[in-house]
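K.L.:
Pasting the sequence and the predicted model now:
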Amino acid sequence: MATATSKRDQGAVAGGTNAGQERRLFWLRFGALAFLLAAACALPFYLSNYQLFEFSQAFIYAIALLGLNILIGYNGQISLGHGAFYALGGYTTAIMTTRWGIHYGWTIAASGLLSLAAGFLFGLPALRFEGLYLALATLALALATPQVLKYFDTWTGGSQGIVLDKPPVPLDLPLNQDQYLYYLSLAILVLALIMAWNLLRGRVGRAMMAIRDNPVAAETMGVHNALYKSLTFGVSALYTGIAGSLGVLAVTFAAPDTFNVFLSIDLLAGSVVGGVVSISGAIFGALFIVFVPVYAQQISQAAPWAILGVFLIALMYLMPNGCASLLHRLWGALEKKIAGASAIPADLTPFEDGAAEEDQRSARAASGD
Amino acid sequence: MGKANARKTVPAAGWAVMLAIVLAVAPAWAAQDEGVSATEVKIGSLEPYSGSASSYGAVGIAMGAYFKKINGEGGVNGRKINYITYDSAYSPPRMVEMARRLVEQDHVLAIVGSIGTPVNTAIWKYMNDRKVPQLFVTTGATKWGDPKGHPWTIGWMPTYQSEGRVYARYILDHIPDAKIGILYQNDDYGKDYVVGFKDGLGEKGRKLIVREQTYETSDPTIDSQIVNLKNSGANVFFNVTIPKYASQAIKKAYEIGWHPVHFLNNVSNSVKIVLEPAGLEASKGLITTEFVIDPADPRYQNEPGFKEYMAVMREYDPQGDPYDQFNVWGYTVAQLFIRTLKQCGKDVSRANLMRQAANLHDLRLPLLIPGIVINTSPTDFYPIKQLHLAKFDGKRWVLFGKLYDTSKMHR
């Protein structure tokens, strides 16, 4: 973290000497974010319900990927089993709404909390595993999920699954159900982004990254490694559980086949494609998960996965640190041009999540070093 | 001009606008539903072309092959079939997404012949809420025949329950001293079979069951279950397992010298995938049921309907294996759809399509076992209700006994 801190200091110094430039930068970033948010809010007036449904799914995956990025990118723990937490969140909502008639809003919160607890508890024994061994342990979790769901069939409905109702539009808002679901997922995504940004830029975030970069040094500096690692696992699961809950509400169906091992692998692929050491990367990764397979099968009906694979390899060669990192660099160049900034502060907006300077680290984190 | 005049012209203009709207909308009323034009009928299917269940994908490709043949002949009543098929990946969320794409983006008239119980369950409510026909669902679950609760969904295959009843009937008729052992997969599929089987045995017959064993799809082997069944003294074995475990069961029973009358559910009656790995010698004498013909069976080779099937596969699906049962299924579903569409006549609408699908009488399709006919009614959404028993002679399944009509067995 030493480099990032020093850069921030530089930024502060630069701000002090050139307040005008700082202000221009702030408004540029604020404007860009406001524009993106406004565009997202305006989409329902231009898109069909089906397209809105696709975007809602992308937003929901983005929440899950955000959790995964926090864990893998910022804490250096690999998980191939986040589909399990997605399933936990999904089934919590499915069971609570259909069996107990509880309002879906409460079940989203319950899904998150239950996943937080489950993630924390799973994180405790997982502390003993590093790198590849953790990957294997979590892969086992992903593989076991559908079978565990089938085993507890009195609760989960077995392989028949549970059929839900779509969330009704509250307060007589002039929206249809797809539009409402779109705004609901968008709102929760924005909330999740802000929370992640807040978490990562503060003390907790620094401790998480310190553990990732050098656990011994972190421990020496007074970071409680075991606690932080388990907590990170829990927070990561919290995000994914909330996504699972929303995902089931969007699809209005939960079945063991929904949560097979491919879900976990999809999540990991999305996370890496988007940029694992970034917050905004979660959104790009989610767009990738939702839209690319659909277009891959339009290219070839016979081998959609082969096309998807080629696409993944090409992307990794072109953007080894994910879409977010490329975008970060482009944005940096733009800022330089517009604001004439020489040093860009690392953490002014969620856009700027330090992806560039994290390049090296993300490579290290990904290799499980 | 004055206010009085304006007062008259405003309502007049209002009436004129309303008339214009009515005139503009009227042709839309007269025209058919979405997915139908004067020259084409647009339909969709969702099959697992990728993922763990991708071998089922052949169903969708074979359907497409038959539709190409129909289009080559000029289509149905001058309308060509515009067939759109997407990958369901056997994943419920993907299925929902793709069904919505077909219905809301591609505006298909109906979704036809999609395979898989969990994925079809995922879109069950959606299709019925939207009132879009979910025709000829390719799964053996019993729930698809629910005209009251789900009037827009209909299956086509014999159900697992009805198959269970056939075995029960045969046992009651031919094996008076039966002591029955059952092995089944501990999920809806396995339980569906056992429900039908016990139902078929009746109160008294149920006492013939001496032992029930289950397994989970996570179990590495089912050896101990087979040993337990042997030790129970059972002389009849009802084997409700998916291919992997079916092979194991046949092999193990043979190895430990247990030779019951062995009934094998038709989910696992593939010679190539199940019987060959288990050993053809060990498989001799197995009894199963069939409703579509085995393309390798020499007795059908000269039938015109079978030759047509082989020709269509050669021309429009050259990469597909015509001896793969899933191609037979897909081809048969496509034929069933075309016959239903023809029966619609001039009124090609969603409502009429559903009416005609529930109005099939003694329909014969070439790849069904001789004697099997399709019948539906507004209260009967189970198109195929007949099954024929077949015995394995060491090389192939040979039909024996009579054709069972399961609609006359239950209730």
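P.N.:
Looks like it came in fine. Numbering: from 1, shown residues only, chains lettered A, B, ... in the order given.

K.L.:
got a list of what the spatially closest residue to A:Ala87 that is not a sequence neighbour touches?
P.N.:
Nearest residue to A:Ala87 in three dimensions, chain neighbours excluded: A:Phe259, at 3.6 Å (C-beta to C-beta, 6 or more residues apart in numbering or on different chains). To be clear about C-beta, it is placed using only N, CA and C from the backbone, and glycine gets the same treatment. By C-beta atoms under 8 Å, 6 or more residues apart in numbering or on different chains, the residues touching A:Phe259 are A:83-84, A:86-87, A:90, A:145-146, A:149.

K.L.:
For chain B, just list every one of the helices.
P.N.:
Using DSSP state H, the helices assigned to chain B run over residues B:3-30, B:58-72, B:92-100, B:117-130, B:160-174, B:188-205, B:223-231, B:243-255, B:276-278, B:280-283, B:304-316, B:325-344, B:350-357.

K.L.:
Can you say which of these is packed in most?
P.N.:
The highest average neighbour count among the helices of chain B, using mean count of other C-beta atoms under 10 Å in any protein chain shown, belongs to helix B:92-100 at a mean of 26.

K.L.:
can you pull out the helices in the stretch 251-369 of chain A?
P.N.:
A:261-274, A:281-299, A:304-318, A:322-339, A:355-366 (DSSP state H, counting those that start in this stretch).

K.L.:
could you say what helices and strands the fourth one packs with?
P.N.:
Right, helix A:322-339. Counting contacts by 3 or more C-beta pairs under 8 Å, 6 or more residues apart in numbering or on different chains; DSSP states H and E, helix A:322-339 packs against helix A:19-42, helix A:261-274, helix A:281-299, helix A:355-366.

K.L.:
Mean neighbour count, distance to chain B and mean pLDDT for those helices - can I get that in TSV?
P.N.:
Shown next, in TSV, are the helices and strands packed on helix A:322-339 (neighbours: other C-beta atoms under 10 Å in any protein chain shown; distance: least, C-beta to the nearest C-beta, whole Å; pLDDT from 0 to 100):
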stretch	mean neighbour count	distance to chain B	mean pLDDT
helix A:19-42	13	20	85
helix A:261-274	25	7	90
helix A:281-299	22	5	87
helix A:355-366	20	26	45
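
K.L.:
Mind putting those helices into CSV with distance to A:Leu227?
P.N.:
Output for these, formatted as CSV (distance: least, C-beta to C-beta, whole Å):
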stretch, distance to A:Leu227
helix A:19-42, 33
helix A:261-274, 24
helix A:281-299, 25
helix A:355-366, 20
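
K.L.:
show me the contacts for residue 75.
P.N.:
Just so you know, I chose chain A. By C-beta under 8 Å, 6+ apart, the neighbours of A:Asn75 are A:208-209, A:211-212, A:228-229, A:232, A:236.

K.L.:
wait, chain B
P.N.:
B:40-41, B:81.

K.L.:
out of the residues you listed, which are inside strands?
P.N.:
Filtering the contacts of B:Gly75 for membership in strands, criterion DSSP state E, returns B:40-41, B:81.

K.L.:
of all of the stretch 1-150 of chain A, which residue lies closest to chain B?
P.N.:
Nearest residue of the stretch 1-150 of chain A to chain B, counting by C-beta to the nearest C-beta: A:Tyr50, 3.9 Å away.

K.L.:
gap between the closest residue to that residue other than its chain neighbours and B:Gly35?
P.N.:
Once flanking residues are discounted, A:Tyr50 sits nearest to B:Glu104: 3.9 Å by C-beta to C-beta, 6+ apart. The gap separating B:Glu104 from B:Gly35 is 12 Å, by C-beta to C-beta, to the nearest Å.

K.L.:
So for these two, which sits in the more crowded spot?
P.N.:
Taking neighbours as other C-beta atoms under 10 Å in any protein chain shown, B:Glu104 and B:Gly35 compare with B:Gly35 leading, 24 against 18.

K.L.:
thought the more buried one was touching B:Val108?
P.N.:
Yes. Applying C-beta atoms under 8 Å as the test, B:Gly35 and B:Val108 come out as touching, 4.7 Å apart.

K.L.:
how about the residue nearest to B:Ile273 when sequence neighbours are not counted, what does it touch?
P.N.:
Sequence neighbours aside, B:Pro243 is the residue nearest to B:Ile273 in space, at 5.0 Å (criterion: C-beta to C-beta, 6+ apart). Residues counted as contacts of B:Pro243 (C-beta under 8 Å, 6+ apart) are B:267-268, B:270, B:273-274.

K.L.:
If anything else comes up later, I'll come back, but that's it for now.
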